[in-house]
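**Q** fold the following.
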Amino acid sequence: MNITKKVLILLLIMFLIAQFFGPEKNEGHLSSIEYFLVETKPPEDVKLILKETCYDCHSNVTRYPWYNNITPVNYWLAAHLKDGKKHFDMSNWEGNSTKRKDHKFEELIEMVEDKEMPLKSYTWTHPEAKLTDNQIKSVLDWAKSVRLKYSLEPKPE
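**A** A predicted model of the protein is given here:
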């Protein structure tokens with residue numbers, strides 16, 4: 001058996017063994033988003049947009065695609081989800097200050113206006129998450145109204 005064949009067999013065995021390991025899944029319950037929804041009061045059309053385009057990466061409620069069962073893809077997705085929640089996490093909204101919430105919405109507005117969200121890599125595999133101009137307007141109108149609400153809240157001394 002030549003060296004190339006041995007290396008390929010070894011790599012195949014390692015790949016098969018790796019399938020028994022994977023990162024912890026981001027599978028929370030919809031109730032983890034309830035505080036965010038109550039506080040920010042998105043209209044029904046925006047709630048649907050959030051569910052289809054944002055929850056997977058920006059909350060504890062992730063719908064995993066079939067290819068998440070393949071290592072090392074599952075590790076790549078886990079890192080992607082962790083990064084998304086670091087930037088904007090609807091499931092951990094209650095613990096943020098008004099200033100931080102306002103800043104997160106400022107970033108949300110900027111990213112949606114510049115069409116940087118949802119990510120292109122996400123819309124490739126989730127075409128339903130691609131936002132129309134009307135959906136973008138709905139999200140921006142809602143986000144701007146939330147920012148206005150936060151700006152009117154009394155600031156702690």
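
**Q** now the residue nearest to the spatial centre of the chain: closest residue in space, sequence neighbours ignored.
**A** The residue lying closest to the centre of the chain (CA atoms, centre = their mean) is residue 57, at 1.5 Å. Excluding the flanking residues, the one nearest residue 57 by CB to CB, 6 or more residues apart in numbering is residue 84, at 3.3 Å. C-betas here are computed from N, CA, C, even on glycine.

**Q** give me the distance between the one you found and residue 9.
**A** 38 Å (CB to CB, to the nearest Å).

**Q** which one's more surrounded, the two?
**A** Per other CB atoms under 10 Å, whichever of residue 84 and residue 9 has more neighbours is residue 84, with 21 against 11.

**Q** other SSEs contacting the host helix or strand of that one?
**A** Using DSSP states H and E, residue 84 maps to helix 73-87. Helices and strands touching helix 73-87, by 3 or more CB pairs under 8 Å, 6 or more residues apart in numbering; DSSP states H and E, are helix 55-58.

**Q** give me the contacts around the helix it packs on.
**A** 33, 61-63, 80-81, 84-85, 87-90, 118-119, 122, 126 (CB atoms under 8 Å, 6 or more residues apart in numbering).

**Q** from those residues, pick the one nearest residue 1.
**A** Closest approach to residue 1 among the contacts of helix 55-58 (CB to CB): residue 80, at 39.1 Å.

**Q** give the contact list for the closest one.
**A** residue 57.

**Q** do the same with residue 22
**A** Contacts of residue 22 by CB under 8 Å, 6+ apart are 69, 71, 74-75.

**Q** against residue 81, how distant is it?
**A** If you go by CB to CB, the gap between residue 22 and residue 81 works out to 13 Å.

**Q** any idea which helix or strand comes after the lowest-mean-pLDDT helix or strand in the chain?
**A** Lowest on mean pLDDT, DSSP states H and E among the helices and strands of the chain sits helix 3-18, with a mean of 80. Counting by DSSP H and E, the next helix or strand C-terminal to helix 3-18 is helix 34-40.

**Q** which strands and helices lie in contact with that next one?
**A** Helix 34-40 packs on no helix or strand, going by 3+ CB pairs under 8 Å, 6+ apart.

**Q** shaky segments in this structure?
**A** Low-confidence segments of the chain (pLDDT under 70): 18, 26, 29, 155-157.

**Q** what does stretch 110-122 contact?
**A** Contacts for stretch 110-122 (CB under 8 Å, 6+ apart): 53-54, 56-57, 108, 126, 129-131, 136, 139-140, 143.
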